[in-house]
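> Sequence and predicted structure are below.
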Amino acid sequence: MTVEPPGVRGADTAQTGAGTAPAPLDVAALRADFPILRRTVRDERPLVYLDSGATSQRPTQVLDAERSFLENSNAAVHRGAHQLAEEATDAYEGARAKIARFVGVATNEIVFTKNATEGVNLVAYAMSNAATSGPEAERFRIGPGDEIVVSEMEHHANLVPWQQLCRRTGATLRWFGVTDEGRLDLSELDSLINERTRVVAVTHQSNVLGTVNPLESIVERAHRVGAFVVLDACQSVPHGPVDFAAAGVDFAVFSGHKMLGPSGIGVLYGRHELLRAMPPFLTGGSMIELVHIDHSTFAEPPQRFEAGVPMTSQVVGLGAAVDYLSVVGMERIAAHEHQLVERALRELSAVEGVRIIGPESTENRGGAVSFVIDGVHPHDASQVMDDQGVEVRVGHHCAWPLHRRMGVPATIRASFYLYNQLDEVTALVDAVREAQRFFAVTPTAG
Amino acid sequence: MQLEQMYQEIILDHYRNPHRHGLREPFDAESFQVNPTCGDEVTLRVRLVGSGTEATVADVSYAGQGCSISQAATSVLTDLVVDRPLREALDKQAAFTELMEGRGQVEPDEDVLEDGVAFAGVAKYPMRVKCALLGWMAFRDAVSRVVDEVGAS
């Protein structure tokens, strides 16, 4: 099915030549593709949507692709021999191929899950299941004396599954600290990742701090000691070019709804050689090779890890999202968000009583800007900001240990995407000042 | 503007100058409640004099961190229940919970809820209802640890 190119209503979607700076996005044209951005909130305020780190909005092209699939080709994939089954399976597998190319890996290295969280759990439970699997699963076995390394800046999705794996198997959890600036503290890299380490699970880009972590040294060290690297790429894949094969990670997860796609679809990447040896997590239909009444053997990956009838229109929608992002260009999106973050950091820092939680420079930093306002609880601030139409996230953003480390119970987070405009940064800053005024904590005016 | 309906001056006053704040001895039971979506938390202690539901609430003390709504609601709670019969305190707890879960459709009774009626505007914001109920849930939970006839919720 054909997907209308992004921002066709007058967009400049010129592709850039090699070696030149990416052409700026025509954001106004792109915004026309996102119906929700035309609505108003709370007493007819224009919507200023700054919560794409939690979930992104979907362009018409993605919505149309899902609807078109359901209206024309819907069937259970990998079952039956009728024409609809054939078309549905082609659409599903075609999307897998597109998504694989988008992150630089082979098609059979992509496993669909219901979300990124399930992807991390899949690997963690497969490692538990290795204890009762055959010799091919030897390298996934884990037990007392083994160590798993995470970091203090992990989202709960890349922390709790590893805590639980340690509880089930007797392995020990260790973690990288975070510096005051909000960077990963790699000073203990060589002792933290050692001969006992089996898994290093880290985020590519912090969902709170915006910090982009240096993968090269972590991957190099992990592989030297024979550990797997599991990458949480939920905040990186949507926002810039990412190549898992080039990064050398062993597993990675990301979610559809943060990259213009549907919710209910997550992606797990695993190096094919590892997926081939890894025992299944969920079992049942579709993932088998042979089933007898008392035992079964399992299909090759990726089917081995996709038990039951999978999400289908969601996968097709994510395929359309990847098409959309590819046409716009990930380099251009990254450059655009860089501009937004630069302005947000500069203007927010200039407001007395506002403190940025995370790096204040734009170097190795993505499109999430978290901050606190002296004297105004984040929940209260967001209520006033919402009243201005500015929709930000507040709380601990599923990164409670990180907030404890940074010495704050909660933060306000603005997160940007390709459809955000520079004047929305101004709206953000104005809303922050309004929150200060409302709670009478304006530092100078009193 | 709805925002002013939510943040009534009474709420802001209680937030800036919370009543009976701090943790005190003696107490009969303590409850720790957390709002997992935002990380706000309250530790609340109850001191009862007398037995069963015939008891009187002698003291409520608390500490924690949270937004203005959760802090003010806990401050108001202490005004409503301290030195009152437990039975009456539980009636107020039920009335406040009903108000907060009423999506703005419940008309509060000022004779029962006093300053608590100021939270009627908060009930229109479903995402904030848990903030207002945090301290009240802690109160109910603490009482249930002392009085067998009272359930935790």
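Structure received. Numbering: from 1, shown residues only, chains lettered A, B, ... in the order given.

> Check residue 3 and give its pLDDT.
Unless you meant another one, I'm taking chain A. Predicted confidence (pLDDT) for residue A:3: 55.

> nope, chain B
87.

> tally of neighbours for residue A:324?
If you count neighbours by other CB atoms under 10 Å in any protein chain shown, residue A:324 ends up with 26. From N, CA and C alone the C-beta is placed, and that goes for glycine too.

> for the chain, what spans make up the helices?
Here I'm looking at chain A. A:27-31, A:60-72, A:83-102, A:116-129, A:160-169, A:189-192, A:215-224, A:244-247, A:272-277, A:313-328, A:330-349, A:378-387, A:400-406, A:422-438 (DSSP state H).

> oops, I was thinking of chain B
Here chain B has its helices, by DSSP H, at B:2-6, B:9-16, B:68-81, B:86-100, B:110-113, B:129-146.

> Columns distance to residue A:205 on top of those, output as CSV?
As requested, those are exported to CSV (distance: least, CB to CB, whole Å):
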stretch, distance to residue A:205
helix B:2-6, 34
helix B:9-16, 36
helix B:68-81, 32
helix B:86-100, 38
helix B:110-113, 47
helix B:129-146, 30
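
> Now render these as TSV, adding distance to residue A:143 and mean neighbour count.
Converted to TSV, these look like this (distance: least, CB to CB, whole Å; neighbours: other CB atoms under 10 Å in any protein chain shown):
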stretch	distance to residue A:143	mean neighbour count
helix B:2-6	53	16
helix B:9-16	51	17
helix B:68-81	44	25
helix B:86-100	48	19
helix B:110-113	57	13
helix B:129-146	39	23
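
> Could you export the ones you listed as CSV, including distance to chain A?
As requested, the helices of chain B are arranged in CSV below (distance: least, CB to the nearest CB, whole Å):
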stretch, distance to chain A
helix B:2-6, 4
helix B:9-16, 8
helix B:68-81, 5
helix B:86-100, 15
helix B:110-113, 22
helix B:129-146, 7
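
> Nearest approach to residue A:121 belongs to which of the ones you listed?
Of all those, it is helix B:129-146 that lies closest to residue A:121, at 26.9 Å by CB to CB.

> quick check: angle from the closest one to helix B:68-81?
Counting by axes from the mean of the first three to the mean of the last three CA atoms, to 10 degrees, helix B:129-146 lies at 40 degrees to helix B:68-81.

> got a list of contacts for stretch A:171-181?
A:142-153, A:162-163, A:165-166, A:184-186, A:188, A:192, A:196-198, A:202, A:209, A:358-360, A:402, A:405-406 (CB atoms under 8 Å, 6 or more residues apart in numbering or on different chains).

> out of these, which are buried?
Taking 16 or more other CB atoms under 10 Å in any protein chain shown as the criterion, what is buried in those is A:142, A:146-153, A:162, A:165-166, A:184-186, A:192, A:197-198, A:202, A:209, A:358-360, A:402, A:405-406.

> Return the subset of the residues you listed lying in strands.
A:147, A:148, A:149, A:150, A:151, A:197, A:198, A:202 (DSSP state E).

> Show me which of those is closest to residue A:435.
Ranked by distance to residue A:435 (CB to CB), those are led by residue A:151 at 31.2 Å.

> Against chain B, how distant is that closest one?
With distances taken as CB to the nearest CB, to the nearest Å, residue A:151 is found 19 Å from chain B.

> my guess is that residue meets residue A:182, correct?
No. Using CB atoms under 8 Å, residue A:151 is not in contact with residue A:182, being 11.6 Å away.

> mean confidence score for stretch A:42-62?
Stretch A:42-62 carries an average pLDDT of 97.

> Tell me the buried residues in that stretch?
Quick answer for stretch A:42-62 (16+ other CB under 10 Å): A:47-54, A:56-62.

> same question, stretch A:174-184
Using 16+ other CB under 10 Å as the test for burial, stretch A:174-184 gives A:174, A:175, A:176, A:178, A:182, A:183, A:184.

> now swap in stretch A:339-346 and tell me
Buried residues in stretch A:339-346, defined by neighbour count with 16+ other CB under 10 Å: A:339, A:340, A:341, A:343, A:344, A:345.

> same question, stretch A:89-107
A:89, A:91, A:92, A:93, A:95, A:96, A:98, A:99, A:100, A:102, A:103, A:105.

> What of stretch A:125-142?
For stretch A:125-142, a neighbour-count test (16+ other CB under 10 Å) marks A:125, A:126, A:127, A:128, A:129, A:130, A:133, A:137, A:140, A:141, A:142 as buried.

> so the fourth one touches residue A:170, yeah?
No. Applying CB under 8 Å, one finds residue A:128 not in contact with residue A:170, separated by 11.1 Å.

> Let's see which of the buried residues of stretch A:174-184 end up in strands.
Counting by DSSP E, the buried residues of stretch A:174-184 place A:174, A:175, A:176 in strands.

> Tell me how far the first one lies from residue A:376.
In this structure, residue A:174 and residue A:376 are separated by 37 Å, where distance is defined by CB to CB, to the nearest Å.

> just the second one next, same as before
Distance of residue A:175 to residue A:376, computed by CB to CB: 31 Å.

> And the last one, by the same measure?
Counting by CB to CB, the separation of residue A:176 from residue A:376 is 32 Å.

> can you check residue A:59 too?
Between residue A:59 and residue A:376 the computed distance is 35 Å (CB to CB).

> Centroid-nearest residue for the chain?
Since you didn't name a chain, this refers to chain A. In chain A, the residue lying closest to the centroid (CA atoms, centre = their mean) is residue A:234, at 1.0 Å.

> Wait, chain B was what I had in mind.
For chain B, the residue nearest the mean C-alpha position is residue B:136 (3.2 Å; CA atoms, centre = their mean).

> Spatially, which two of the buried residues of stretch A:174-184 are the most separated?
A:174 and A:182, at 20.2 Å, using CB to CB across those.

> Lowest-confidence member of the buried residues of stretch A:125-142, which is it?
Across the set of the buried residues of stretch A:125-142, residue A:133 stands lowest in pLDDT, at 92.

> which regions of chain B sit below the pLDDT cut-off?
Applying pLDDT under 70 to chain B flags the ranges B:1, B:152-153.

> closest to residue A:322 among the ones in strands among the buried residues of stretch A:174-184?
Of all those, residue A:176 has the smallest distance to residue A:322: 31.1 Å, by CB to CB.

> bridging residues for the closest one?
Using DSSP bridges, the bridge partners assigned to residue A:176 are residue A:151.

> Any figure for the gap between it and residue A:192?
Between residue A:176 and residue A:192 the computed distance is 6 Å (CB to CB).

> Contact partners for the closest residue to residue B:98 other than its chain neighbours?
Distances taken as CB to CB, 6 or more residues apart in numbering or on different chains put residue B:106 closest to residue B:98, at 5.8 Å, once the chain neighbours are dropped. For residue B:106, the contact set (CB under 8 Å, 6+ apart) comprises B:98, B:99, B:120, B:123.
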